[in-house]
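In: sequence and computational prediction follow.
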Amino acid sequence: MSSMMIKVIAGSSTKKLDEKINESNVNTWIDTDYTSFNLRIGPNYISNKLKASANRPIMRLAAIDYVSCSNRIDNIGSKVILPDEWTNINTHHSFIPPVFIVNLQVPSQFPTSLFTEINDGPGWSLVYYFVMTNDTADSLIDLTTTSPGIRLFASYCQSAPENSESKQWKGRFKTITRCDNIDEFGLPSFITSYNGKPVLIRNTGTLIRGDNNKYIEMDINIHKFSTVPKKGLQMLISQFERMDITMGFCIESQCDDEMPETLIGCGTMRRPQFTIASDWSHLSNQIVTK
C-alpha cells in the first residue's frame, strides 16, 4: 500500500452562481458586465482624461478560489491543477499563456502601530483564474493587426515577468475594485470615495511565469499595503459577508497606440464569508492511499 499527495483542481473552493441570486448565496461568484468599467481612451489621454465603457475583455473568468491560510500562498498556480481545457488553448506565441491568475493575499491581522510592518501572516487568498477566449486567440495570430489593448497585453506577457522592475513595466498592472451595494453600509466618505477607483500595483505585486508558460500569475501582497489603505480594509472586513465585490484587471495604457485600455478580465465575488472559507491546509494536503 502506498500513498501520494494530490493537488486540488483550481476553483474547487468556490461555486459559480448560475441560478437566481438570493441572500443565501454566500461565497459564490458571478460573471460581471464588463461595460460597467470605464477605461482610458485616446487620443491624447494625458490631456483629455477621457474614459469610456470597456470593450470585451481579453480573457473570460473561468473560476475563483477563496481560501483561508496561516501564511501567504505564493504562486498558487503551481499548487493547483489547471484543467487541460484551459491550458491547451493555442495562443500562437510561446510567450503568451492561455491562463492568467490574479492572487489577492488578504491579511486578517493588522499592525497596531504606524511603525510596524507586516508582510505575511494569516489571512485569505482570493484567486481569479482567467482563460484566453477563442476570439482573442484568433486575433493573436497576427500581432500587427490585432487591437492595441491585446497587443499591449502580448508585450506585457513577453517581457514583464522577467523584467517586472523595469521602468517600462513596473506599476502598470491595474486593479479596479468596487462594492456594488456600498450604499447599504453607511460608510464614511474617505472610504466610499475610493469605490471603483483604479489602483496601480507597484511594490506589492510579484509577477510569475508558470512552468511551460501555462500561466502567468500576479500575486498582490495586501499585507504590504501602506497603513491608510490597510486601515480602510480593517474597517470593511466585518462587512464583507454582506458585500458584492466586483474586480477588473488590466495593463495601464499610456499612449495613443495602446488605447483603448482593455480588461484582462473581471468578475464578482458575492458575500465572501471569511469564517466559512475553505481551509487551504486541508485542501492542499489531501492524501490518496492506493
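Out: That came through, no problem.
In: how about the strands in the stretch 151-290 of the chain?
Out: For the stretch 151-290 of the chain, the strands defined by DSSP state E, counting those that start in this stretch occupy 173-179, 198-201, 205-209, 215-221, 244-251, 263-270, 278-279, 287-289.
In: again with the stretch 1-150 of the chain
Out: Under DSSP E, counting those that start in this stretch, the stretch 1-150 of the chain gives strands at 3-5, 8-9, 15-16, 28-30, 38-40, 51-53, 59-69, 80-81, 99-107, 123-132.
In: partner strands of the second one and their direction?
Out: According to DSSP bridges, the neighbouring strands of strand 8-9, each with its direction, are strand 80-81 (parallel).
In: pull the residues that contact the strand it pairs with.
Out: 7-10, 12, 65 (CB atoms under 8 Å, 6 or more residues apart in numbering). Just so you know, the C-beta spots here come from the backbone N, C-alpha and C atoms, and that holds for glycine as well.
In: if we go to 6 Å?
Out: 7-10 (CB atoms under 6 Å, 6 or more residues apart in numbering).
In: the stretch 51-200 of the chain: helices as residue ranges?
Out: Taking DSSP state H, counting those that start in this stretch as the test, the helices found in the stretch 51-200 of the chain are 84-87, 134-139, 148-159, 189-192.
In: so which of the ones you listed is the most packed in?
Out: Looking across these with neighbours counted as mean count of other CB atoms under 10 Å, the highest average goes to helix 148-159: a mean of 20.
In: which helices and strands does that one pack with?
Out: strand 244-251 (3 or more CB pairs under 6 Å, 6 or more residues apart in numbering; DSSP states H and E).
In: pLDDT (mean, whole number) over the strand it packs on?
Out: Mean pLDDT, strand 244-251: 97.
In: so what strands line up beside that strand?
Out: For strand 244-251, the paired strands and their directions (DSSP bridges) are strand 173-179 (antiparallel), strand 263-270 (antiparallel).
In: just put those strands in TSV and tack on mean neighbour count, distance to Met59 and mean pLDDT.
Out: Below are the strands paired with strand 244-251 laid out as TSV (neighbours: other CB atoms under 10 Å; distance: least, CB to CB, whole Å; pLDDT from 0 to 100):
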stretch	mean neighbour count	distance to Met59	mean pLDDT
strand 173-179	20	14	97
strand 263-270	22	4	97
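In: how about those, which one is nearest Asp256?
Out: strand 173-179 (18.0 Å; CB to CB).
In: who touches the closest one?
Out: 195-196, 198-201, 205, 218, 243, 245-250, 252.
In: between those, which has the most around it?
Out: Highest neighbour count within the contacts of strand 173-179, by other CB atoms under 10 Å: Cys250, with 27 neighbours.
In: and the strands of the stretch 1-150 of the chain: which comes nearest Ile191?
Out: Going by CB to CB, the one of the strands of the stretch 1-150 of the chain nearest Ile191 is strand 99-107, 16.3 Å.
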